[in-house]
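Colleague: Give the three-dimensional model of this entry:
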Amino acid sequence: MSLLQLFDPSLLGRADTPALEFDRADVSRYACTFGELEARSNRLAHVLRARGLGRGDRLAFFLGNRVEIIDLWLAGVKLGLILVPINVLYRERELRHILTDSAPAAVVSARELAAFIPAGVPIWDVDQLSADAAAQLADRFVTACVADTPVSLVYTSGTTGASKGAVLTHGNFAANAIAIVNAWRITSADRFLCTLPLFHVHGLGNGVHAWLASGCHMRLTERFEHAKAAAWFEDYRPTLFFGVPAMFVRLLDLPPERAQAIGRVLRLAVSGSAPLPPEVHEKFRERYGSVILERYGMTETLMNVANPYDGERRPGTVGLPLPHVQVKILDEAGGPVSDGTPGELWVRGANVCAGYWRRPDATAAAWRDGWFRTGDIGSRAPDGYIRLHGRRSDLVISGGFNIYPREIEELILEQPGVREAAVVGAPDPVRGEVLIAFLVAGAEFDEGALRARLATQLASFKLPRAFIRLDAIPRTALGKIQKHLLPAWKPS
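Modeller: From the prediction side, this is the model:
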């Protein structure tokens, strides 16, 4: 199946149905129907074709959220292009790596962002493209695509090194969209508030694709803004909201009466892209009367596992494998582990990307007999629920004991005054590694109380050697902690 086959019931079949609202920075609001989106993307496809682009050509975009990203994505789907979304927070070094690796024909960007793009890379101004498109005919031009036709290179977040381009196909995105629309009962009657960045698969592959596949209504914002969030929810009255843990933490600041009113309308709140602390899960349920559905996905695989829509949404877990995904948990030797024992998650399904762009070495290392090695450590409960323990690369070996930092991070986050926590290993001449905890905490934080609590909850070899307070913990745009950017620890 191609993506256009999935989207056409909305683009063509619901042509007169209101589809989208977008709040611009100048406070004005743009609104359009599905038919108008179809026409906009057709016009842009004619412009891109006139500029020499065709099936298999790469075209990057470096843009904050705006309607033109949707135009560009749909035009690329129709022309058979390979689109390369780039994190709008990236700067020269990160941009140079992605643009050198993907070698796009050009980068579509805005005037205020163009200065960050390395010299020598062709830049196409997004506003000029839109102006050129306005003068084109709206008839559709389509290049035939099938399930295994590449549609995007999405670069991994690079939390441990240089990012790799995951080759995602029409079939990958289509399988993912169909799965979540069915699993989460998304219909044309829903109202979807999208504050996630569209350069990421969470906002694009889950959010935009679920919207287009279901024919529901979407309000798009430039970004998530804590100060505006309550007004967005109260004005738009969404039934669907996809977010990252940091957004849900900020939403806990709303007064209980406003939160309850929002929760009465909000049919489904989904959290992903980073671990959701169990205490946030419980506090949100108490304040909003809505139980967050946590799920697990990756750039390379889109969605793998999710808590059920009907049934228990278990705090601290990511739920059960989705119907289109097979999951197994294996030890370092490649053998199965028993229930409750941590091991690496391997996945297989129509959602898994075709490999890494121009990286046969990385592709060979990550795939075994059709199974993708995620690098994530998890365990399975007897009833099938999966709990994540962290990345394989996060494993700390201290005195011969294997330690997964997420367990300790979750306990630290339960301590009053602690807002963020990251636990890493640091070299030690005796134990090989010792644990160091970095945290962001308020004035009420009591390190002695935290040490005492951890001592009653954890084995002695899991206790951090030091607690280092920071103003902020480095994160990606989607809230994933970048542990390799934490300051080095030196024993006193």
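
Colleague: Going by C-alpha atoms from here, please, whenever you check contacts or count neighbours.
Modeller: Fine.

Colleague: Sheet-wise, list the partners of the helix or strand bottoming out on mean pLDDT in the chain with their directions.
Modeller: Taking mean pLDDT, DSSP states H and E as the measure, the chain has strand 401-403 as its least confident helix or strand, at a mean of 75. The strands beside strand 401-403 in its sheet (DSSP bridges) come out as strand 396-398 (antiparallel).

Colleague: Show me which positions of the least confident helix or strand of the chain end up buried.
Modeller: Buried residues in strand 401-403, defined by neighbour count with 16 or more other CA atoms under 10 Å: Ile403.

Colleague: One more: stretch 278-289?
Modeller: For stretch 278-289, burial by neighbour count (16+ other CA under 10 Å) applies to 278-281, 283-284, 287-289.

Colleague: Quick one: list the elements packing against the helix or strand that the least confident helix or strand of the chain is followed by.
Modeller: Next helix or strand after strand 401-403 toward the C-terminus (DSSP states H and E): helix 405-413. Packing partners of helix 405-413 (3 or more CA pairs under 8 Å, 6 or more residues apart in numbering; DSSP states H and E): strand 386-391, strand 418-428, helix 447-457.

Colleague: His170 is nearest to which of these?
Modeller: strand 386-391 (27.9 Å; CA to CA).

Colleague: What segments of the stretch 101-250 of the chain are helices?
Modeller: Using DSSP state H, counting those that start in this stretch, the helices of the stretch 101-250 of the chain run over 111-114, 126-134, 170-183, 209-214, 226-236, 245-251.

Colleague: comparing those helices, which gets the lowest mean pLDDT score?
Modeller: With a mean of 89, helix 245-251 has the lowest mean pLDDT of the helices of the stretch 101-250 of the chain.

Colleague: Quick one: list the elements packing against that one.
Modeller: Helix 245-251 sits against helix 226-236, helix 278-288, with contacts defined as 3+ CA pairs under 8 Å, 6+ apart.

Colleague: between those helices, which gets nearest to Pro197?
Modeller: Short answer: helix 226-236, nearest of the helices and strands packed on helix 245-251 by CA to CA, at 15.0 Å.

Colleague: ok, then the element right after the biggest helix by length in the chain?
Modeller: Across the chain, the helix with the greatest residue count (assigned by DSSP state H) is helix 34-50. The first helix or strand that comes after helix 34-50 along the chain, using DSSP H and E, is strand 58-62.

Colleague: quick one: contacts of the least confident helix or strand of the chain?
Modeller: Residues from elsewhere that reach strand 401-403, judged by CA atoms under 8 Å, 6 or more residues apart in numbering: 395-397, 461-462.

Colleague: What is the burial count for the nearest residue to Leu240 once chain neighbours are set aside?
Modeller: Using CA to CA, 6 or more residues apart in numbering and skipping the chain neighbours, the partner closest in space to Leu240 is Phe192 (4.7 Å). Neighbour count of Phe192, defined by other CA atoms under 10 Å: 26.

Colleague: ok, Phe192 touching Met218?
Modeller: Yes. Contact status for Phe192 versus Met218: in contact at 4.6 Å, counting by CA atoms under 8 Å.

Colleague: anything in contact with each of the two?
Modeller: Contacts common to Phe192 and Met218, judged by CA under 8 Å, 6+ apart, are Trp211.

Colleague: show me the contacts for the residue nearest to Leu240.
Modeller: Shown in contact with Phe192 (CA under 8 Å, 6+ apart): 211, 216-219, 238-241.

Colleague: got a winner among the residues you listed for most neighbours?
Modeller: The member of those surrounded by the most neighbours (other CA under 10 Å) is Trp211, with 27 neighbours in all.

Colleague: Pipe the helices and strands packed on helix 245-251 into TSV and attach distance to Trp73 per row.
Modeller: TSV is the format used below for those (distance: least, CA to CA, whole Å):
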stretch	distance to Trp73
helix 226-236	25
helix 278-288	34
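
Colleague: domain ranges for the protein?
Modeller: As given by automatic domain parsing, the domain ranges for the chain are 3-380, 395-485.

Colleague: Single out the most deeply packed of these.
Modeller: domain 3-380 (a mean of 19; mean count of other CA atoms under 10 Å).

Colleague: For it, measure first residue to last.
Modeller: From its first residue to its last, domain 3-380 covers 33 Å (CA to CA, to the nearest Å).

Colleague: For it, what is the distance to the chain centroid?
Modeller: 7 Å (CA atoms, centre = their mean, to the nearest Å).

Colleague: what do you get for stretch 432-442?
Modeller: Taking mean C-alpha positions (CA atoms, centre = their mean), stretch 432-442 and its chain are 26 Å apart.

Colleague: ok, and what's touching that stretch?
Modeller: Contacts for stretch 432-442 (CA under 8 Å, 6+ apart): 396-399, 417-428, 462-473, 489.

Colleague: Low-confidence stretches in the stretch 1-150 of the chain?
Modeller: 25, 27 (pLDDT under 70).

Colleague: can you map out the strands along it?
Modeller: With strands called from DSSP state E, counting those that start in this stretch, the stretch 1-150 of the chain shows them at 18-23, 29-33, 58-62, 82-85, 107-109, 123-125, 150-155.

Colleague: Pull the contacting residues for Ile178.
Modeller: By CA under 8 Å, 6+ apart, Ile178 lies in contact with 210, 213.

Colleague: What are the phi and psi values at Ala366?
Modeller: Dihedral pair for Ala366: phi -90, psi -20, per degrees, to the nearest 10.

Colleague: The one 4 residues further on too?
Modeller: Comment: the main-chain dihedrals of Gly370 come out as phi 90, psi 0, following degrees, to the nearest 10.

Colleague: Regarding the closest residue to it other than its chain neighbours, what is its secondary structure?
Modeller: What sits nearest to Gly370 in space, not counting adjacent residues and going by CA to CA, 6+ apart, is Arg348, at 6.6 Å. Of the three states, Arg348 takes strand according to DSSP: H, G, I helix; E, B strand; the rest coil.

Colleague: which residues does Arg348 bridge with?
Modeller: Gln326.

Colleague: Gln326 is in contact with that one, correct?
Modeller: Yes. Counting by CA under 8 Å, Arg348 sits close enough to Gln326 to count as a contact (5.1 Å).

Colleague: And the residue nearest the centre of the chain?
Modeller: Nearest to the mean C-alpha position of the chain, by CA atoms, centre = their mean, lies His202 at 3.6 Å.

Colleague: List the residues that contact that one.
Modeller: Contacts of His202 by CA under 8 Å, 6+ apart are 196, 272-273, 302.

Colleague: From those, which land in strands?
Modeller: Leu302 (DSSP state E).

Colleague: Tell me the one among the contacts of His202 nearest to Val265.
Modeller: Leu196 (20.0 Å).

Colleague: Give me the distance between that closest one and Thr363.
Modeller: From Leu196 to Thr363 the distance is 29 Å (CA to CA).

Colleague: for Pro491, same thing?
Modeller: Pro491 is 39 Å from Thr363, by CA to CA.

Colleague: How about Ala75?
Modeller: 29 Å.

Colleague: Flag the shaky bits of the stretch 301-450 of the chain, pLDDT-wise.
Modeller: If you take pLDDT under 70 as the line, the stretch 301-450 of the chain has these spans: 400.
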